[in-house]
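J.: Here's a sequence, model it:
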Amino acid sequence: MKSDVTYDLLIIGGGISACVFASKYLKNNITKKVGLIEIGRGLGGRSSTRISKKYEGWKLNHGSPNFNISNSKNNHLLQRYIDELLENKYIKIDDSEIFFLNEDFNLETKKKSELSSGVNYLSLDSMSELSKKIIESNNLKDEIDFFFETLIVDMKFNDKRWLLTSKNGDKFKSKFVICSTNLLLHKRSLKILNVNQIPLRKAIPINSDKKIDLLLNLLEEQTFIPRLTFLIYTNKNYSYKDNYSKKQRYFYLNNNLEKKYRFERIIFQLQDNKLGIVVHSKNAELINSYISAKDEEVFKQKIIKNFNKLFEENSLVNKLTFDEKISIMKWRASQPSGLAVPLSLQFSRKSKIGFCGDWFEGNGFGRIEGSILSALILEKKIRNLIK
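T.: Prediction:
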């Protein structure tokens, strides 16, 4: 990174919230110099897609295979944006089957969870492609510089300018900063980034910006739901027991089943006549068991065993063989839980920094709905402030 380059705006994080914000911002500020910094290999964040290098031909949506919008407060800004995505054919209504499993292994279709209430939507391509299409829709002249596989570990704010430093030592200068991730604001950054002070706290000392002080104090109480995700690449002959042909199919476990089998939800994803399976778990025992496992292959066999027990008497799902291929993901960017941050703390004019993501208050807290809405609100707030 050239030390003499100063951006008008740097966005930290490449999830769907960052992409929505960047797209809307560029629509109204086409002359501004913008950079986006993301730790991953591409866009999407928790709503991204794993394109397997080891198992050729597989492309699984592993975080959020779809997303739901409840919009219970009838927010017109949010509704207009969802309508825009539909009109552009970036998304469609997801009419896939959703089942809720109870202790008797009966299939119930009427219940709703926080991940399926309201209207469910599905990307017409992969979830990563959705984020990419969103940001490209207004990045018509390639105004954004992308920096992937870049982890910011240090922040400084001097003379009304930001200086960000990556783990590799790259320097980024900017007039304004937008954090779509709260990693640099939360105490979990101490362990993950191996630093001795929360980066934003280091940049903005206590009592120098009351809004930042309040934001950091509230985030101190926000917790996160750790998850393991199992991506199962089935053998070529694996299929359903019935003739279901839609792209996805969802199975949610009730609390008792989740405790017993340690799975939260299971998503079947059809692609190129192959049936991939994504299994989510937030079970602490299973996560700890994985961390302490001496033999990962033995651990994977236990996952297949649990899967087969769960669907043993199921009329729709076949058992897996024990030679199915599995990859395991342990999330660093986990779903926020507990205390949500008020939207009134989204932007500090004094410190020239803004925030968006699913960690803000509202019905979309912890979900893509919250990510999108907070990005739309933030962009509207600061549309004419970044000069």
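J.: roughly how far apart are the closest residue to residue 39 other than its chain neighbours and residue 269?
T.: Nearest non-adjacent residue to residue 39, counting by CB to CB, 6 or more residues apart in numbering: residue 151, 4.7 Å away. Bear in mind the C-beta positions are built from the backbone N, C-alpha and C, glycine included. Note on residue 151: its distance to residue 269, by CB to CB, to the nearest Å, is 29 Å.
J.: again, but for residue 47
T.: 14 Å.
J.: Please apply the same query to residue 29.
T.: For residue 29 relative to residue 269 (CB to CB), the value is 37 Å.
J.: Which of the helices and strands in the chain ranks last by mean pLDDT?
T.: Among the helices and strands of the chain, strand 107-108 carries the lowest confidence by mean pLDDT, DSSP states H and E, at a mean of 70.
J.: who has more neighbours, residue 47 and residue 269?
T.: residue 47 (27 against 21; other CB atoms under 10 Å).
J.: how about the strands of the stretch 51-200 of the chain, start to end?
T.: Remark: strands assigned in the stretch 51-200 of the chain by DSSP state E, counting those that start in this stretch are 59-61, 67-69, 91-93, 97-101, 107-108, 119-123, 144-147, 152-158, 161-166, 171-179.
J.: Can I get the ones you listed in TSV including distance to residue 38?
T.: As requested, these are exported to TSV (distance: least, CB to CB, whole Å):
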stretch	distance to residue 38
strand 59-61	18
strand 67-69	19
strand 91-93	22
strand 97-101	31
strand 107-108	39
strand 119-123	19
strand 144-147	7
strand 152-158	10
strand 161-166	11
strand 171-179	12
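J.: Could you say which one of those comes nearest to residue 205?
T.: Proximity to residue 205 (CB to CB) singles out strand 152-158 among these, at 9.6 Å.
J.: Restrict the closest one to CA atoms and write it as CSV.
T.: What follows is strand 152-158, C-alpha atoms only, in CSV (Å, rounded to 0.1, in the frame of the first residue of the first chain):
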residue,chain,number,x,y,z
ILE,A,152,-6.6,-4.9,10.5
VAL,A,153,-4.9,-5.1,13.9
ASP,A,154,-4.3,-1.5,14.8
MET,A,155,-6.1,1.8,14.5
LYS,A,156,-4.9,5.3,15.0
PHE,A,157,-6.8,8.6,14.8
ASN,A,158,-4.6,11.7,14.6
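J.: which residues are contacting it?
T.: The contact list for strand 152-158, computed with CB atoms under 8 Å, 6 or more residues apart in numbering, reads 12, 37, 162-167, 172, 177, 184, 193-195, 199-200, 202-204, 351-353.
J.: Just the buried residues from those residues, in PyMOL please.
T.: Only the buried entries of those go into this PyMOL selection, using 16 or more other CB atoms under 10 Å:
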select buried, resi 12+37+162+163+164+165+166+172+177+184+193+199+200+203+204+351+352+353
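J.: just to revisit the earlier point, the strands of the stretch 51-200 of the chain: which one's closest to residue 251?
T.: Nearest to residue 251, of all those, is strand 97-101, at 5.0 Å by CB to CB.
J.: Buried ones in that closest one, by neighbour count?
T.: Neighbour-count burial for strand 97-101 [16+ other CB under 10 Å]: 98, 99, 100, 101.
J.: Repeat that for stretch 256-268.
T.: 257, 258, 261, 262, 263, 264, 265, 266, 267, 268.
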